[in-house]
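>>> Here is a sequence together with a model predicted from it:
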Amino acid sequence: MSIHYGAPQRYPSQASQYRPSPAPPARPVSSQYGGAAQGQYQYARPGYGAPAAGPPPGADPQLWQWFSAVDTDRSGAISVTELQAALVNGNWTRFDLDTVKMLMSIFDTDRSGTIGFNEFAGLWKYIQDWQNVFRHFDRDRSGSIDGAELAEALRSFGYNLSPTLLSLLEQKYVASGPSDRYGPPPGITFDRFVRACVAVKTLTEAFQRVDTDRDGWVQMNYEQFMQIILSAP
C-alpha cells in the first residue's frame with residue numbers, strides 16, 4: 001500500500017529563529033496556579049533577583065525579561081531543567097520532558113546543551129507559531145486535540161495518514177494521567193501535539209530520502225531502519 005505524503009504549507013518552521021521575532025505580548029509572568037485561556041502556552045514561576053547583565057544591543061526588552069525570568073541560576077543560558085520548569089500548557093500541566101528536550105535540540109544551534117538569548121528568541125517565535133496552529137484546530141476549545149482534530153491538522157500539513165496510523169499516533173501522544181477536573185483533559189495537550197506533528201514530519205522526510213522514486217515503497221536494511229526510528233522525536 002502506498003503512502004501519500006506532501007510538503008506541509010503551514011507548518012511552523014524552526015527557520016523562523018533566523019528572522020527577528022515580533023515583540024512578545026506585554027503580560028506579567030504567570031503563576032501555574034493562575035487562570036489562563038485553554039490551550040495557551042504560558043511561563044510558570046520566574047526566578048528571583050535581577051539579571052547579572054542587561055539585554056544585548058538591539059534585543060527586545062520584554063523578551064529579555066522573559067529570558068532572565070527563566071534563567072533562574074543567572075548563568076546567561078537556559079538548561080533543559082529550567083526550560084521545563086518554565087513551560088506549562090493551558091491547563092497548567094508542565095510540558096512533557098521529551099517535548100522540552102526536542103525543543104532544546106532544535107534551538108541549541110551551537111550544541112552547548114543550553115540555549116542562549118538569541119536561541120531563546122527563535123524558540124519563543126516557534127512556540128507562538130504552534131500556539132496559533134493549536135488554537136485553529138482545537139475546534140471545541142477543550143484545550144486538547146482529539147483524534148479528528150489531529151487528523152485534520154495533519155491533512156492540512158500534507159500528511160494523509162491511514163486511520164490505523166492516526167489511531168497509533170493518538171495513543172502514543174495522548175495525555176496520560178487522570179481525566180477529572182484535577183488532571184489534564186482527555187486528548188493531546190499542546191506540548192504533545194507539537195511533538196506528534198514534528199515526529200510525523202521527521203519520519204516522513206526520512207522516508208522520502210530513501211523513497212527516491214516517490215512510489216511509497218522502500219527497501220532498506222536493519223541499520224537504516226533503526227537510524228530512522230531512533231532519530232525521531
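Now that the structure is in, tell me what you want to look at.

>>> can you give me the helices for this protein?
Taking DSSP state H to define them, one finds helices in the chain at 61-70, 80-86, 97-107, 117-137, 147-157, 163-173, 190-210, 222-230.

>>> Nearest to residue 55, out of those helices?
Residue 55 lies closest to helix 61-70 among these, at 3.6 Å (Cβ to Cβ). From N, CA and C alone the C-beta is placed, and that goes for glycine too.

>>> which strands and helices sit next to that closest one?
Counting contacts by 3 or more Cβ pairs under 8 Å, 6 or more residues apart in numbering; DSSP states H and E, helix 61-70 packs against strand 42-43, helix 80-86, helix 117-137.

>>> mean pLDDT lowest for which of the ones you listed?
Per-stretch mean pLDDT for these is lowest at strand 42-43 (a mean of 50).

>>> Let me know the pLDDT of the most centrally placed residue in the chain.
Nearest to the centroid of the C-alpha atoms of the chain, with distances taken as Cα atoms, centre = their mean, sits residue 194, at 4.0 Å. According to the prediction, residue 194 has pLDDT 96.

>>> if I read this right, it contacts residue 100, doesn't it?
No - between residue 194 and residue 100 there is no contact under Cβ atoms under 8 Å: 10.7 Å.

>>> before we move on, back to that, measure the closest residue to the residue nearest to the centre of the chain other than its chain neighbours to residue 137 for me?
Distances taken as Cβ to Cβ, 6 or more residues apart in numbering put residue 130 closest to residue 194, at 5.1 Å, once the chain neighbours are dropped. Applying Cβ to Cβ, to the nearest Å, the value for residue 130 to residue 137 is 11 Å.

>>> Contacts only, for residue 200.
Neighbour list for residue 200: 154, 157, 159, 161, 169 [criterion: Cβ atoms under 8 Å, 6 or more residues apart in numbering].

>>> contacting residues around the last one?
What it means is residue 169. 150, 161, 196, 199-200.

>>> ok, so of those residues, who is nearest residue 230?
When these are ranked by distance to residue 230 (Cβ to Cβ), residue 199 comes first, at 12.3 Å.

>>> and that closest one, how far is that from residue 115?
21 Å.

>>> try residue 225
For residue 225, the distance to residue 115 - Cβ to Cβ - is 32 Å.

>>> Repeat that for residue 127.
Distance check for residue 127 against residue 115: by Cβ to Cβ, it reads 12 Å.

>>> Kindly report the same for residue 228.
26 Å.

>>> So which of those two has more stuff around it?
Between residue 228 and residue 115, residue 115 has the larger neighbour count (other Cβ atoms under 10 Å), namely 27 against 18.

>>> and the more buried one, what does it touch?
Contacts of residue 115 (Cβ under 8 Å, 6+ apart): 77-78, 83, 104, 107-108, 123.

>>> one more time with 7 Å, if that's ok
Counting by Cβ atoms under 7 Å, 6 or more residues apart in numbering, residue 115 touches 77-78, 104, 107-108, 123.

>>> For it, which residues count as its bridge partners?
residue 78 (DSSP bridges).

>>> What is the neighbour count of the residue nearest to residue 194?
So residue 130, with other Cβ under 10 Å, has 19 neighbours.

>>> Next one: it from residue 54, what distance?
In terms of Cβ to Cβ, residue 130 sits 30 Å off from residue 54.
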